[in-house]
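Asks: can't give you the sequence, but here's the structure:
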DNA sequence: ATACTATTTGAGTGTCCACTCTAATTTGAG
DNA sequence: CTCAAATTAGAGTGGACACTCAAATAGTAT
């Protein structure tokens, strides 16, 4: 895979994979549908990827990373910032949010690799929320802060989950209400 | 299906379906494994059920109903009761709880029948939480109560989602913290 | 006991899946 | 321009799946 054509095909396949997962979930995503959506035949797919799983892992990395707000602000953002960034992400990039949730739900059963990635990412997110909370309430016991941050992050995933079922669900309001979980 | 033998076989199949889902999840549950576990052949299975989906739907109904505490208490239960029942369900029937989440997310794609049931159940749950909250805080605007109840139920689903990825996640603590979302 | 069903059997069907293989075509470095 | 390597085409493979069917057996009402 060195020529330009190959790289372009690779990109088209990854994009197709992402949109397939978003539309049909992990289970509804097959080599056939990916290839059709990318305008490619299975032979080409397997010339560029070792397996379906490898393509999915690669395609999904974008979605997982997109859950976090600008990493440059790390160490400076307030809880408010983090929540707002999350709301914006879910509302503006609904597809990727849905991919994230679908992957999370399927994880554990299908692919330890996928599960590990989701869990590692989750921990990072919790840490960021914990730090922001501690910055806001310096006296708080760090363990309590982490506990509340974990509850908040999980709860936010629940809201996103619901929105992936009912698109009219207004994430923003609910997310802001949940903020109270952490700040009390 | 009128003879005793048939009814017994039916029960064995439903029990096998439940235990298969619990052990291997939805994807790992096939007609073959159900039949092996129930000591029955596919022909018998299809003599008693129209489809795999129908059997799963029937088997899972128990689990779905178990999300709520004793329906006789309807109109009497406190938020505390509802939360405790939910925690017990998730802790004791983790795999079925996961199935619940999975089916919810699969939304419309795989099985409209199953999805419809989940959505109706969700609405019922929100209503029950809303009523309990209003009983606890009689002065509260009903719309606000429903809004908070919906947030709480979604948040609880998020906690369950996380527990379906990480089995060591202690649902109880987090669920109780989230209770504060509704009661403030 | 008879006759009519319910039930069970187990081999079999068609479909869809991830993935492979060979041959043809395209690319671009020298 | 040449030629080897990269890329594509597209038919094909083997296995797993949900589901079917005709025949054998067992249950029960009369």
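Replies: Arrived safely, thanks for sending. For clarity, every value in this text was computed on a predicted model and none was experimentally measured.

Asks: residues in chain A within reach of DNA strand D, list them.
Replies: Residues of chain A lying close to DNA strand D by Cβ under 7 Å from any atom of the strand are A:1-3, A:5-9, A:40-44, A:46-48. In this view, the C-beta of every residue, glycine as well, is placed from N, C-alpha and C.

Asks: Out of these, name the ones that lie in helices.
Replies: The helices, defined by DSSP state H, take in A:5-9, A:42-44, A:46-48 from the residues of chain A next to DNA strand D.

Asks: List only buried entries from those.
Replies: A:9, A:44, A:48 (16 or more other Cβ atoms under 10 Å in any protein chain shown).

Asks: Do I have it right that the first one meets residue A:41?
Replies: No - in this structure, residue A:9 is not within contact of residue A:41 by Cβ atoms under 8 Å, at 10.6 Å.

Asks: What helix or strand is residue A:164 located in?
Replies: In this assignment (DSSP states H and E), residue A:164 forms part of helix A:142-165.

Asks: Next, the buried residues of that helix.
Replies: Going by 16+ other Cβ under 10 Å, helix A:142-165 has these buried residues: A:145-165.

Asks: Against residue A:131, how distant is the closest residue in space to residue A:134 that isn't next to it in sequence?
Replies: Nearest residue to residue A:134, sequence neighbours excluded (Cβ to Cβ, 6 or more residues apart in numbering or on different chains): residue A:145, at 5.1 Å. With distances taken as Cβ to Cβ, to the nearest Å, residue A:145 is found 8 Å from residue A:131.

Asks: Repeat that for residue A:84.
Replies: 17 Å.

Asks: got it, and residue A:47?
Replies: For residue A:47 relative to residue A:131 (Cβ to Cβ), the value is 45 Å.

Asks: Could you do residue A:21 as well?
Replies: 31 Å.

Asks: Residue numbers of chain A in contact with DNA strand C?
Replies: For chain A, the residues in contact with DNA strand C (Cβ under 7 Å from any atom of the strand) are A:3-5, A:29-33, A:42-43, A:45-46, A:51-53.

Asks: Nearest to residue A:93 among these?
Replies: Of all these, residue A:93 sits closest to residue A:29, with 18.6 Å by Cβ to Cβ.

Asks: List the residues that contact whichever residue of chain A sits closest to chain B.
Replies: Closest contact between chain A and chain B, by Cβ to the nearest Cβ, is at residue A:158 (2.3 Å). Counting by Cβ atoms under 8 Å, 6 or more residues apart in numbering or on different chains, residue A:158 makes contact with B:154-161.

Asks: of all those residues, which comes closest to residue A:115?
Replies: The nearest member of the contacts of residue A:158 to residue A:115, counting by Cβ to Cβ, is residue B:161 at 12.7 Å.

Asks: for the nearest residue to the closest one once chain neighbours are set aside, what are its contacts?
Replies: With sequence-adjacent residues excluded and distances taken as Cβ to Cβ, 6+ apart, residue B:161 is closest to residue B:101, at 5.4 Å. Residues counted as contacts of residue B:101 (Cβ under 8 Å, 6+ apart) are A:105, A:161, B:157, B:160-161, B:164.

Asks: mind checking how far residue B:101 is from residue A:28?
Replies: Taking Cβ to Cβ, one finds residue B:101 at 17 Å from residue A:28.
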